[in-house]
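S.K.: structure here, sequence nowhere to be found:
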């Protein structure tokens, strides 16, 4: 797996752990790093398939971040993944609930990742 993907997984996992712990200050710092990492991954088309596969990752936060990032490309699949997270007994389920609503009402609008 590529270094960018590995770093993304580590950051998303840490972000999720910090949210569960209630440490929003540190989570917000990770959020910026994650956003920058997504831009780097998006720019490297050779690793897009690896990124797309993260919708099935074992870590909830990785799946959640990936679902949001791919919500324009794989809208239905992304919403299914977020609905699965919403059903969990976790603070992340509340986040997933908000994300679903934000995607459906176009409060969150992501660019389409093309398959070239």
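M.R.: Thanks, I have the structure now. As the structure is a computational prediction, the values presented were derived from the model and not from experiment. Numbers count the residues shown, from 1 in each chain.
S.K.: identify the residue nearest the residue nearest the centre of the chain in space, chain neighbours excluded?
M.R.: Closest residue to the average C-alpha location of the chain: residue 65 at 0.8 Å, with C-alpha atoms, centre = their mean. Once flanking residues are discounted, residue 65 sits nearest to residue 12: 4.5 Å by C-beta to C-beta, 6 or more residues apart in numbering. Glycine gets a C-beta too; all of them are placed from N, C-alpha and C.
S.K.: show me what the helix or strand that contains the residue nearest to the centre of the chain is in contact with.
M.R.: In the assignment (DSSP states H and E), residue 65 maps to helix 60-69. Contact with helix 60-69 is made by 8-9, 12-13, 15-17, 19, 34, 38, 51, 54-57, 77-79, 81-82, 84-85, 88, 90, 92, 95-96, 99, 103, 108, 110, 113, as judged by C-beta atoms under 8 Å, 6 or more residues apart in numbering.
S.K.: quick one, which of these are buried?
M.R.: 8-9, 12-13, 15-16, 19, 34, 38, 51, 54-55, 57, 78-79, 81-82, 85, 90, 92, 95-96, 99, 103, 108, 110, 113 (16 or more other C-beta atoms under 10 Å).
S.K.: quick one: mean pLDDT over the helix holding residue 65.
M.R.: Taken as a whole, helix 60-69 has an average pLDDT of 97.
S.K.: give the buried residues for it.
M.R.: 60, 61, 62, 63, 64, 65, 66, 67, 68, 69.
S.K.: in JSON lines: those, plus distance to residue 46.
M.R.: Shown next, in JSON lines, are the buried residues of helix 60-69 (distance: C-beta to C-beta, whole Å):
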{"residue": "60", "distance to residue 46": "27"}
{"residue": "61", "distance to residue 46": "25"}
{"residue": "62", "distance to residue 46": "20"}
{"residue": "63", "distance to residue 46": "22"}
{"residue": "64", "distance to residue 46": "25"}
{"residue": "65", "distance to residue 46": "20"}
{"residue": "66", "distance to residue 46": "17"}
{"residue": "67", "distance to residue 46": "22"}
{"residue": "68", "distance to residue 46": "22"}
{"residue": "69", "distance to residue 46": "17"}
